[in-house]
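The sequence and its predicted three-dimensional model are supplied below.
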Amino acid sequence: MRLLILGGTGLLGRPLVEGAVLEGWDVTTFNRGLTGPDHATIKALRGDRDAAGGLAALRSGSWDAVLDTSGLVPSSVERSARLLADRAGTYLFVSSLAALSWPGTPATDDLPPRDCPPTASVADTGYGTLKAGCERALVAALGDRFFIVRPGLISGPGDAHGPVGRWLRRAARGGRILAGGEPAGPVQLLDCRDLASWLLACARHGRTGTRNATSPRGAMTMGALLGACVAATGSDGRLVWADDEFLVGSGVRAWVDLPLWEPSSAPGHANRWMVDAGAAHAAGLSCRPLVETVDDTWAELRDGPRHDAGGPGPLPTERERELVDAWLGGMRDGLAVPRS
Ligand SMILES: NC(=O)c1ccc[n+]([C@@H]2O[C@H](COP(=O)([O-])OP(=O)(O)OC[C@H]3O[C@@H](n4cnc5c(N)ncnc54)[C@H](OP(=O)(O)O)[C@@H]3O)[C@@H](O)[C@H]2O)c1
């Protein structure tokens with residue numbers, strides 16, 4: 001079975017290629033050669049899909065499945081889909097939950113993508129709208145002969161600079177660690193290796209349609225995730241949970257200052273962790289334990305060239321200390337309800 005991966009070297013691309021090679025696929029990748037080295041045993045094609053003439057390396061060849069993990073610009077996605085349409089048995093596109101007009105309501109598979117003009121570019125449109133435009137471009141190019149997967153947050157080895165990597169670096173510094181909301185609050189993420197192996201299964205089975213892909217609703221909590229980060233690093237970190245009202249009132253920014261924190265009172269954040277991926281799970285997507293994802297992400301971060309345990313955490317150290325003192329001081333004065 002011949003597989004073409006548009007991408008193949010990023011967070012998702014690496015386990016995708018490794019898994020495909022192990023499963024015996026004849027793998028070709030297509031990328032610019034910027035993100036990382038290609039797997040030693042596969043055929044690597046070079047090109048910039050967003051540049052004029054950038055698809056030249058794809059003018060010949062045919063594949064049982066094409067897996068597009070790099071599409072972001074709608075016109076580029078349409079161009080490559082049209083170029084490959086008659087030479088690809090199955091066409092899979094990795095979109096994002098950000099393509100949906102959500103949060104606000106729980107995300108289901110049948111929510112339509114946002115509106116996006118076909119000419120939208122990175123210069124004038126945000127990530128989620130562009131991904132929605134890519135989904136619409138696929139319809140224009142392929143009709144209904146495609147499978148779209150909308151992951152939420154992807155993590156796992158290689159996620160040094162994503163939210164879990166940032167929390168791990170903060171956890172490694174130890175001390176009092178400011179956390180937002182409730183330890184029992186939900187979070188949903190998907191290990192890149194689990195997504196990769198499911199995508200390969202979908203490619204093998206020639207699936208069509210659109211599916212959300214993340215962990216089951218209610219299966220993971222912020223407390224379990226951050227606790228796993230502290231445990232993985234072996235630091236003396238102690239989580240201090242401050243409530244949404246205090247943090248929002250103190251000007252703490254969701255995601256920017258506290259990755260993954262979703263204050264339900266802030267516009268655009270309610271229901272972020274209420275994604276229904278039941279159909280994907282029924283179709284074989286499985287999620288390894290959260291602790292395994294966190295431990296393996298830390299193992300690579302600790303041992304790899306990008307390890308920077310002294311680097312920036314979710315918040316600058318001094319600002320975090322002030323906030324923790326203010327929160328704990330308020331609790332002592334009876335102004336807030338303590339959290340365990
Ligand atoms: N990370 C997440 O949490 C998350 C969540 C939801 C959805 N997604 C989606 O999942 C997919 C994979 O994510 P990822 O984090 O693994 O991505 P990534 O690390 O950015 O990897 C993207 C791959 O595409 C290649 N690429 C990028 N721009 C290209 C271009 N103009 N021409 C040709 N190749 C290009 C990259 O190689 P070169 O740079 O060498 O070209 C790399 O191999 C993306 O579509 C992303 O939008 C990610």
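Arrived safely.

Could you use CA atoms for every contact and neighbour count after this?
Fine.

Around the ligand, pick out the residues from this structure.
7-13, 31-35, 47-50, 69-71, 94-96, 151-154 (Cα under 6 Å from any ligand atom).

And the buried ones among these, selectable in PyMOL?
Only the buried entries of the residues of the chain next to the ligand go into this PyMOL selection, using 16 or more other Cα atoms under 10 Å:
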select buried, resi 7+8+9+10+11+12+13+31+33+47+48+49+50+69+70+71+94+95+96+151+152+153+154
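
Cross the residues of the chain next to the ligand against helices and list the overlap.
Of these, the ones assigned to helices by DSSP state H are residue 13.

what's the nearest residue to residue 243 if we skip its chain neighbours?
residue 181 (4.6 Å; Cα to Cα, 6 or more residues apart in numbering).

again, but for residue 324
Using Cα to Cα, 6+ apart and skipping the chain neighbours, the partner closest in space to residue 324 is residue 178 (6.3 Å).

Would you check that the one you found makes contact with residue 244?
No. Applying Cα atoms under 8 Å, one finds residue 178 not in contact with residue 244, separated by 11.9 Å.

what are the phi and psi values for the residue nearest to residue 324?
Per-residue torsions, residue 178: phi -70, psi 130 (degrees, to the nearest 10).

Show me what it is bridged to.
residue 240 (DSSP bridges).

count of neighbours near it?
With neighbours defined by other Cα atoms under 10 Å, the count for residue 178 comes to 21.

Let me see the contact set for it.
The neighbours of residue 178, taking Cα atoms under 8 Å, 6 or more residues apart in numbering as the test, are 239, 240, 241, 242, 320, 323, 324.

try residue 131
71, 72, 73, 74, 95, 96, 98, 99.

same thing with residue 17?
Under the criterion of Cα under 8 Å, 6+ apart, the contact list for residue 17 reads 8, 27, 39.

For residue 141, which three-state class applies?
helix (DSSP: H, G, I helix; E, B strand; the rest coil).

Residues contacting stretch 44-62 from elsewhere in the structure, which ones?
2, 28-33, 38, 73, 76, 80, 83-84, 87-88.

now with 7 Å?
Contact with stretch 44-62 is made by 28, 29, 30, 31, 32, 33, 38, 76, 87, 88, as judged by Cα atoms under 7 Å, 6 or more residues apart in numbering.

One more: stretch 81-92?
Stretch 81-92 is contacted from outside by 62-68, 138, 141-142, 145-148, 203, 206, using Cα under 7 Å, 6+ apart.

Closest one of those residues to the ligand?
residue 68 (7.3 Å; Cα to the nearest ligand atom).

in what helix or strand does residue 296 lie?
Residue 296 belongs to helix 290-303 when assigned by DSSP states H and E.

Report the rounded mean pLDDT for that helix.
Across helix 290-303, the average pLDDT comes to 96.

Relative to the whole chain's centre, how far out is that helix?
Offset of helix 290-303 from its chain centre (Cα atoms, centre = their mean, to the nearest Å): 16 Å.

circling back to that earlier point, columns pLDDT on top of the contacts of stretch 44-62, output as CSV?
Converted to CSV, the contacts of stretch 44-62 look like this (pLDDT from 0 to 100):
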residue, pLDDT
28, 98
29, 98
30, 98
31, 98
32, 98
33, 98
38, 95
76, 98
87, 98
88, 97
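
Can you flag the buried ones in those?
28, 29, 30, 31, 33, 38, 76, 87, 88.

thinking the fourth one is in contact with residue 4, fair?
No. At 10.9 Å, residue 31 and residue 4 do not qualify as touching, with contact defined as Cα atoms under 7 Å.

just for the stretch 101-250 of the chain, where's the confidence low?
Within the stretch 101-250 of the chain, the stretches with pLDDT under 70 are 102-104.

can you map out the helices along it?
Secondary structure of the stretch 101-250 of the chain, counting by DSSP state H, counting those that start in this stretch: helices at 127-142, 163-173, 192-205, 222-233, 244-249.

Mean neighbour count, the ones you listed: which tops it?
Mean neighbour count (mean count of other Cα atoms under 10 Å) peaks for helix 163-173 among those, with a mean of 25.

the inter-axis angle of it versus helix 290-303?
70 degrees (axes from the mean of the first three to the mean of the last three Cα atoms, to 10 degrees).

could you say what helices and strands helix 163-173 packs with?
Using 3 or more Cα pairs under 7 Å, 6 or more residues apart in numbering; DSSP states H and E, the elements in contact with helix 163-173 are helix 222-233.

Which elements pack onto the helix it packs on?
helix 163-173, helix 290-303.
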